[in-house]
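Colleague: generate a structure from the sequence data that follows.
(one chain, ligands or ions: 2)
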Amino acid sequence: IFNTLKTLKIAIQKSGRLNEKSVEILKNCGLTFENYKSSLISSVTNFPLEILFLRDDDIPEYVQDGIADLGIVGENVITETKAKVTHLQKLGFGKCTLKIAVQNSSSIEKLEDLNGKAIATSYPVILENFLQSKGIKSDIRTISGSVEIGPGLGLSDAICDIVSTGGTLKSNGLKPFADVMSSEAVLIGNEAIADHPEVAELLQRIRSVLSAKSNKYVVLNVSKDNLQKVVNLLPGVKSPTVVPLFEPNWVAVHSVIAEADFWDKINSLKAAGAEGILVMPIEKIIT
Ligand code: ATP
Ligand code: MG
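Modeller: Ligands and ions are numbered 1, 2, ... in the order given. Presented below is the predicted three-dimensional model:
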């Protein structure tokens, strides 16, 4: 059926923090391809798709200009490049926060103290938007990397950079001061292609992979006396499956539980009389 479809191009990061998870999500969608480290492009053998491996900074513009139809990239990079693209789906990885940080000894205590101060960053657009929204005018110094050494060298009074554990800040005598933007990886599409059938097919696969990942398959045993109490705790996709055990008056219940309230649910299930609880990962959920 795919002969009738256009071959799409999806741009993902060639190497770096988003590469591995981007490749993984495409493979989990059942796509077969070689993850060539040396080449720029790889063809999917069982879907009309080509994968372009690029620097993450270039991905939003490639998608905006239609050189790629789709892309996987951090929201921070999309905002920073001001590219006009359609956000199709948040992907749940590459989570990070862009923060302003100052030296431990700094006299900067509230946002207004940033007025007239120099802030080093690789994200001048995002920082400018943030400062403008707060009515603050600082001197933004754009540098492409290692912004955290700026204050120590007397290059800037503060920095604005991606912070995850805070380890890099600490080792440079800095402390986080204000959150500017939180970000995660998203699937983006060219504005003209976003509602084409091939995109819909891929999007459906990605969503079923994401939904499977955020759920667990649970099997448990319960006596019929406690069955209703246990079933009340388990929504399942439609409703739980109940099958008889060899032991009279006992049944096995099969259901799906959201990862988010997993431990709460397990404890309530035990309290309601569930025994021998098995928990298994789900590969895909197609609804
Ligand atoms: P490229 O060579 O492709 O330009 P890069 O060095 O610019 O790579 P990476 O450090 O690989 O980029 O980060 C890619 C993206 O991963 C970031 O733009 C951000 O969205 C996300 N990310 C998640 N956690 C972090 C983190 N702790 N530090 C930096 N980026 C992070
Ligand atoms: Mg980059």
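Colleague: for the residue nearest to Lys84 when sequence neighbours are not counted, give me its contacts.
Modeller: Once flanking residues are discounted, Lys84 sits nearest to Gln64: 5.3 Å by C-beta to C-beta, 6 or more residues apart in numbering. All C-beta atoms are positioned from the backbone trio N, CA, C, and that covers glycine. Each residue near Gln64 by C-beta atoms under 8 Å, 6 or more residues apart in numbering is listed here: 83-85, 190-191.
Colleague: how about 6 Å then?
Modeller: Gln64 makes contact with 83-85, according to C-beta atoms under 6 Å, 6 or more residues apart in numbering.
Colleague: just give me how far the longest helix along the chain sits from the chain centre.
Modeller: Scanning the chain for the helix with the most residues, using DSSP state H, yields helix 197-213. Chain-centre distance of helix 197-213: 14 Å, with C-alpha atoms, centre = their mean, to the nearest Å.
Colleague: show the subsequent helix or strand relative to it.
Modeller: Counting by DSSP states H and E, the next helix or strand C-terminal to helix 197-213 is strand 215-223.
Colleague: please give the element, helix or strand, for Leu88.
Modeller: strand 86-90.
Colleague: with only the CA atoms kept, save that strand in CSV.
Modeller: Extracted in CSV, the C-alpha atoms of strand 86-90 (Å, rounded to 0.1, in the frame of the first residue of the first chain):
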residue,chain,number,x,y,z
THR,A,86,4.0,22.5,13.4
HIS,A,87,4.5,20.8,16.8
LEU,A,88,3.1,17.3,16.3
GLN,A,89,3.9,15.4,19.4
LYS,A,90,6.0,15.8,22.6
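Colleague: between it and helix 197-213, how many degrees?
Modeller: 30 degrees (axes from the mean of the first three to the mean of the last three C-alpha atoms, to 10 degrees).
Colleague: partners of strand 86-90, with directions?
Modeller: Paired neighbours of strand 86-90 in the sheet (DSSP bridges): strand 185-189 (antiparallel).
Colleague: quick one: mean pLDDT for the partner strand?
Modeller: Mean pLDDT, strand 185-189: 97.
Colleague: try stretch 210-226
Modeller: Stretch 210-226 comes out at a mean pLDDT of 94.
Colleague: span of it from start to end?
Modeller: End-to-end distance for stretch 210-226, by C-alpha to C-alpha, to the nearest Å: 33 Å.
Colleague: ditto for stretch 104-111
Modeller: End-to-end distance for stretch 104-111: 16 Å, by C-alpha to C-alpha.
Colleague: could you do stretch 251-270 as well?
Modeller: So stretch 251-270: terminal residues 15 Å apart, C-alpha to C-alpha.
Colleague: buried set for it?
Modeller: 251, 253, 255-257, 265-266, 268-269 (16 or more other C-beta atoms under 10 Å).
Colleague: what is the nearest of those to ligand 1?
Modeller: Set against ligand 1, the nearest of the buried residues of stretch 251-270 by C-beta to the nearest ligand atom is Ile257 (28.1 Å).
Colleague: got a list of what the closest one touches?
Modeller: Residues near Ile257 by C-beta under 6 Å, 6+ apart: 216, 218, 265.
Colleague: how much space between whichever residue of the stretch 101-250 of the chain sits closest to ligand 1 and Leu187?
Modeller: Nearest residue of the stretch 101-250 of the chain to ligand 1 (C-beta to the nearest ligand atom) works out as Ser164 at 3.3 Å. From Ser164 over to Leu187 the distance is 22 Å, taken as C-beta to C-beta, to the nearest Å.
Colleague: those two - which one has more neighbours?
Modeller: Just comparing Ser164 and Leu187: by other C-beta atoms under 10 Å the higher neighbour count belongs to Leu187, 24 against 10.
Colleague: ok, the more buried one to Ser122 distance?
Modeller: 24 Å.
Colleague: do the same with Lys84
Modeller: 22 Å.
Colleague: more neighbours: which of these two?
Modeller: Set side by side, Lys84 and Ser122 show more neighbours around Ser122, with 20 against 13, by other C-beta under 10 Å.
Colleague: all helices for this protein, in order.
Modeller: 19-28, 59-64, 75-81, 124-133, 167-171, 197-213, 227-232, 262-271.
Colleague: the shortest one near ligand 1 anywhere?
Modeller: No - in this structure, helix 167-171 remains apart from ligand 1 according to C-beta under 6 Å from any ligand atom; the gap is never smaller than 8.6 Å.
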